[in-house]
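Enquirer: Show me the folded form of this:
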Amino acid sequence: LESRSVVMANIYLVAYNAVQAVGWAYILFLALTQFTACGDGAIDFVPAWVPFGHGLVCISNANFDEIFSNLKIFQTAAALEVLHAALGLVSSKVSVTFQQVLSRVMLVWWVIFPFPQVASSAAFTHMVLAWSITEVIRYSWYALKELGGAPHFLTWCRYTFFIVLYPLGVYGELYQNIAAIDEAKALGASKPDDAFTVAATSVYWVLLAVFSLLYIPIFPGLYLHMFGQRKKTLHPKPAAAPQPEVGIQFPKTAKGDRSTTVTGQLAFAMSLVGVNPEAAATVLKEKNWRFGYSKHVIQNVEISAADRETCVKVAQAGLDFLHTSFDFIRDGKTYKLREAMQTIKTSFPSHTTIHGNGAKGSKLVVPHRPKPYPTKCDLNPLSGDELKAQLEKWVKVGTIEPSARDAILKVAAGGQYLDLSDRYFVLLGAGAAMGPLEVLLHFGANIIALDLDRKVIWDRLIKTARNSAGTITFPLKSAVGQNATDDEIASVAGANLFTQTPEIANWLSQVFPDKELTIGGYAYLDGELHVRVSLAMDAVMEVCCARRQKKPNLAFLCSPTDVFVATKEAHDAMKGNLKTLPLSIKLAGFVKLLSKTMLVPNARKLIKAKDGSDVVVVDGIVIQQGPNYALAKRIQHWRAMLAWSQGHRVSTNIAPSTATLSVVHNKSFAAAYGGFGYFPSMEVSYQETSNSLMGALLIHDIVNPNSKATPTGGNPVNIFYPGACHFGVWRCAYKIGSIGEVATILFYLNTYKLALLGVSALSAAGAWVAANGLPL
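Expert: Sure thing, here's the model as predicted:
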């Protein structure tokens, strides 16, 4: 379905751009036919302010009507490009596209349409020539790009001609605006006794003047943006030198490359071979893994939901394949990952412990911004009754599950939950934005920290530890003296999960041997690096689970944009929210006509477990995150379920969609986040809120012997839904992967509402002038 949508989108874009190219070529032809011999009735093509060249080139506006008729069609059609950008059909920024299209559409309908006489000057021809030449090149380039690639000459034209054409077009546009302002003033002055005409024309020319003044700050930015695009396209930076292959690497395929697609597809297939060969075969038959992977992730969870035995087999088979397939390269020798973890015995030469000197926290505080993202407002520290009230509100609207509220309130009650001085937590990726470091240290926990050997990271971690009530222990590349400064310690601290995976596992297997460790995987990276770092953390966990005297606990953070087994109550809430949609979402429902992947109902058909019970599966996948992201999270889920079935306590909690820098640096994701609030139950969390909530749930799971972390005889696939802080993903009327486009559109409509109101007012004034002021 996804691949078919991509093909249909490509076909549409080719057709749209080809039609526009032909249309603008015809407009260019009409503009060129305006040139005529200089003489009586001819218009001097050279502007009056140019000191030379007058009387050499002239034009006639005899075919203005035909030019303007075509302008109304093809320039108005360009408004679709704002929708293209908002829906993600093209990579253009919505804000830039909106500004570019708006100025031209206004020229056509709100300047020339009510006052066609303003086009009697050469400036109109200057503008039309600049527009048409630009658009013939641009649309031809886009159409050929969709078909496989535009020739370099056309690319050069696209990113060079604008240097002259852009200023020429702006000059022509401003000339029309100023002429229209004069015409509006004259019309008002001609009817001094008609109060309505005077008022309407006054509003019209004032708004048009304000709009014209906006060219001053906007044009330079757009012009410089084009120069930036020119440099990036025509003079790209040389490709970075390939990184040496060391540490954990994707396995080589039969073609000799390290394909993430081939390996990811095989991982999902091999996890199912032993329990459902037919399903495994369908995975291998998938021809477009990049856009077709999601249904196989859903299938993997559905098959795992059958019973405990099936779930454990799937998890074990998937992890075994990855550990025996991925390479580990050191000193020119290539091992399989599991082989490297078993045969490399080295560790770190030293480690150290930093003791904090801060006061231990006495209550749970959850910082919360009362206004929805991205509205700026101060953090409100919630505790006690205020925290309880907020949790109750979230439960009522479906933002979190009731079990999450109950677990957080137990921690907020204090007692054993807020004294972690005898608890030891290993944080793989200690400095991660979504990690629990600060929350745990606040309550006196002992942290064993692993993060990259970068001084800037360890400067921050050591400072955080010093100001806390806890301790932090970490490996060193070389021993330091007893009187070493924090700066000296930070210089030799840290380790690399990719290249020092065996050393990290060997060290953690022996550090604090008499303590019960909770090993949490929090490192996050983009793309294929996310798979590799997740597998590195998994390899460390596997070794520690096998070697440590006391069974370690494991801890994970889950993303709501994944596939989970949920509750029947959540399923019912999805259906209920679908019946009570707000007006804004109902009006936006037209987008379902554009694509079957938009606004897809969240409530899936229930499946049956082997014991006959109904199973609810939530599909939270966002296709744009890609199959590498899905595989990285599946590695964590497989380990969580497998370890839990083997008697390890496992804390694995679903975190909110959070506005971290790693997410909102992507403008499309940021815009979608900005529109999530229009969907009942949906909320985007801030990092401070998510850290506190997830920290509280981790503390509850590990301290409470009766929490979900404690193994029972049930199916491990069910350990994810208790305590879920999905922030609406499980109870929203529509799948989160299908609301992004609508959320983005609603966000931009709200962001530019003042501009749209101004345009609407100007439109109304222009329409009235057109209806009542002509003919003069």
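Enquirer: Packing partners of the helix or strand harbouring residue 570?
Expert: With elements taken from DSSP states H and E, the one containing residue 570 is helix 568-579. Other elements packing on helix 568-579 under the criterion 3 or more C-beta pairs under 8 Å, 6 or more residues apart in numbering; DSSP states H and E are strand 614-619. C-beta coordinates here come from the backbone N, C-alpha and C atoms, glycine included.
Enquirer: circling back to that earlier point, what are the contacting residues of the helix or strand just after the helix holding residue 570?
Expert: Once the chain leaves helix 568-579, the next helix or strand it forms, by DSSP H and E, is helix 583-587. With contact meaning C-beta atoms under 8 Å, 6 or more residues apart in numbering, helix 583-587 is reached by 678, 679, 733, 742, 746.
Enquirer: for helix 583-587, which positions count as buried?
Expert: By neighbour count on 16 or more other C-beta atoms under 10 Å, the buried set for helix 583-587 is residue 585.
Enquirer: following that helix, which helix or strand shows up next?
Expert: Moving toward the C-terminus from helix 583-587, the first helix or strand encountered (DSSP H and E) is strand 607-608.
Enquirer: ok, now which ones touch the closest residue in space to residue 462 that isn't next to it in sequence?
Expert: With sequence-adjacent residues excluded and distances taken as C-beta to C-beta, 6 or more residues apart in numbering, residue 462 is closest to residue 486, at 4.9 Å. Applying C-beta under 8 Å, 6+ apart to residue 486 gives the contacts 354, 459, 462, 463, 466.
Enquirer: Now do the same contact list for the fourth one.
Expert: So that's residue 463. By C-beta under 8 Å, 6+ apart, the contact list for residue 463 reads residue 486.
Enquirer: Measure how the helix holding residue 570 sits relative to strand 614-619, angle-wise.
Expert: Using axes from the mean of the first three to the mean of the last three C-alpha atoms, to 10 degrees, the direction of helix 568-579 lies 60 degrees away from that of strand 614-619.
Enquirer: Quick check: mean pLDDT of helix 568-579?
Expert: Helix 568-579 shows a mean pLDDT of 96.
Enquirer: Tell me how far it lies from the chain's centre.
Expert: Centroid separation for helix 568-579 versus its chain: 26 Å, with C-alpha atoms, centre = their mean, to the nearest Å.
Enquirer: Of all pairs in the contacts of helix 583-587, which one spans the longest distance?
Expert: Largest separation among the contacts of helix 583-587 by C-beta to C-beta: 733 and 746, giving 14.4 Å.
Enquirer: between the contacts of helix 583-587, which is nearest residue 344?
Expert: Nearest to residue 344 among the contacts of helix 583-587, with distances taken as C-beta to C-beta, is residue 679, at 49.7 Å.
Enquirer: Could you give the number of residues near the closest residue to that closest one other than its chain neighbours?
Expert: Leaving aside its sequence neighbours, residue 679 sits nearest to residue 732 (C-beta to C-beta, 6+ apart; 5.3 Å). Residue 732 has 27 neighbouring residues, counting by other C-beta atoms under 10 Å.
Enquirer: What's the separation between the residue nearest to residue 552 when sequence neighbours are not counted and residue 507?
Expert: Nearest in space to residue 552, with sequence neighbours left out and distances taken as C-beta to C-beta, 6+ apart, is residue 517 at 4.4 Å. Residue 517 sits at a distance of 12 Å from residue 507 (criterion: C-beta to C-beta, to the nearest Å).
Enquirer: Can you report how many residues neighbour residue 307?
Expert: Residue 307: 14 surrounding residues under other C-beta under 10 Å.
Enquirer: likewise the one 4 residues further on?
Expert: The criterion is other C-beta under 10 Å. On that basis, residue 311 has 26 neighbouring residues.
Enquirer: Quick check: it is in a helix.
Expert: Yes. Judged by DSSP: H, G, I helix; E, B strand; the rest coil, residue 311 forms part of a helix.
Enquirer: Quick check: it touching residue 716?
Expert: Yes. Applying C-beta atoms under 8 Å, one finds residue 311 in contact with residue 716, separated by 5.4 Å.
Enquirer: those strands in the stretch 401-550 of the chain, which residues are they?
Expert: Counting by DSSP state E, counting those that start in this stretch, one finds strands in the stretch 401-550 of the chain at the ranges 424-428, 446-450, 471-476, 517-521.
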